[in-house]
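[1] output the structure for:
(one chain, ligands or ions: 3)
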Amino acid sequence: MEKLTLRAPDDWHIHLRDGDALERTVGDAARQFRRAIVMPNLVPPVVDAEDALFYQLRIREQIPAGNPFEPLMVIYLTDNTDAEVIELAHKAGVIAAKLYPAGATTNSDSGVTDINNIYPALEAMQECGMKLLLHGEVTTSDIDIFDREQVFIEKILSRVVEDFPALRIVLEHITTANAAEFVGKARDGVAATITAHHLLYNRNHMLVGGIRPHYYCLPILKRGYHQSALIEAATSGNPKFFLGTDSAPHAQDRKENACGCAGCYTAFSAIELYAEAFERAGKLDRLEAFASEYGPDFYGLPRNDGTITLVREPWQIPASLPMGDAQLVPLAAGETLNWRLVDSEQPTADKKDSE
Ligand SMILES: NC(=O)N[C@@H](CC(=O)O)C(=O)O
Ligand SMILES: [Zn+2]
Ligand SMILES: [Zn+2]
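    Ligands and ions are numbered 1, 2, ... in the order given. Next up is the predicted model:
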């Protein structure tokens, strides 16, 4: 049987939520990834070191026994985040801070209303080496939803990149050719994550033949032309582009709704979805670097030791999954994937534990 063995991958952008969602989300993430950068957009958000450490404990409680999964924590920037908050978070091991422009996406009401409000925080981040993660969309009502990423790059990102020349910045979940081009040409220390769904789909998948709420996420799926540019970037071997699923669960009734929530749940089959996208592009040989090397290199962390193995054995993504008391519809529910994740090598530390 055809096999694909990869250095154990990491997810550089995931939403695990909280409470009784964690059993589902942490279990799925830990089966796929060794480390994950956990987004802080809870209600209320994770805004400082204390919040991040408590949230990390709640996540750790749900890691299956013997699984080496490591949640990497992020704080949420608000208009009130000052240099001291940044320094304390940095000392506590928080590796990044996340900018959500207020109103841009799910649970972003406490986000930043004007980039100038966080300039002291960005200064402190540049100083201590904490990374800046961006939901890169402007939110003003005059800007069309399909243009919001591009306008963010022109109006906000290009300025931040220049004003903080040593700040390490990740433009998260990019969705446009404009973003791929900007990041490709930007100075060192500017990178981007790309989701599996933005590689596999474009807005036709969401809107032709009926409106399909499970494909609705932010930034919204764009034209096929942009999808092609993202596939090109992800499979190019440029280390500025690496894996971030943006897996974002919402209960079925919150998605299949007259005002449905934004977010696609991909953690259940993330690496298999990426394998599908890379295989379709004829670039499976580039998957390992994208999934397991460029991310840790950017963050200055070691690459993982273990491996994962996928086999070429078609399987069907289930129609729904339990999440606490709710049901969750995974992205591409009912669709067949060619690659199946079979096992993760047990790391040395766990072998010792079970002796
Ligand atoms: N991507 C989404 O559509 N939703 C995310 C938020 C985000 O990453 O923007 C969520 O938390 O649900
Ligand atoms: Zn986002
Ligand atoms: Zn996200």
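[2] and the residue of the stretch 101-250 of the chain that's closest to ligand 2?
    Per Cβ to the ion, the residue of the stretch 101-250 of the chain with the smallest distance to ligand 2 is His135, at 3.6 Å. For the C-beta atoms, the positions are set from N, CA and C on the backbone; glycine is no exception.
[3] how near is that residue to Arg148?
    Distance of His135 to Arg148, given as Cβ to Cβ, to the nearest Å: 10 Å.
[4] identify the contacts common to those two.
    Ala104 (Cβ atoms under 8 Å, 6 or more residues apart in numbering).
[5] who has more neighbours out of those two?
    It is His135, of His135 and Arg148, that has more neighbours when counted by other Cβ atoms under 10 Å, with 25 against 22.
[6] check which residues of stretch 276-283 are buried.
    276-279, 281, 283 (16 or more other Cβ atoms under 10 Å).
[7] any chance of the residues you listed in a markdown table, with secondary structure, pLDDT and distance to Phe152 too?
    Shown next, in a markdown table, are the buried residues of stretch 276-283 (DSSP: H, G, I helix; E, B strand; the rest coil; pLDDT from 0 to 100; distance: Cβ to Cβ, whole Å):
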| residue | secondary structure | pLDDT | distance to Phe152 |
| --- | --- | --- | --- |
| Glu276 | helix | 98 | 29 |
| Ala277 | helix | 98 | 24 |
| Phe278 | helix | 98 | 27 |
| Glu279 | helix | 98 | 32 |
| Ala281 | coil | 98 | 27 |
| Lys283 | coil | 98 | 28 |
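[8] closest to Tyr299 among those?
    The closest of the buried residues of stretch 276-283 to Tyr299 turns out to be Phe278 (Cβ to Cβ; 21.9 Å).
[9] can you pull the contacts of the closest one?
    By Cβ under 8 Å, 6+ apart, Phe278 lies in contact with 234-235, 284, 286-287, 290.
[10] considering those, which possesses the most neighbours?
    Going by other Cβ under 10 Å, Ala234 tops these with 30 neighbours.
[11] ok, that residue - contacts?
    Per Cβ under 8 Å, 6+ apart, neighbours of Ala234: 194, 199, 241, 277-278, 286, 290.
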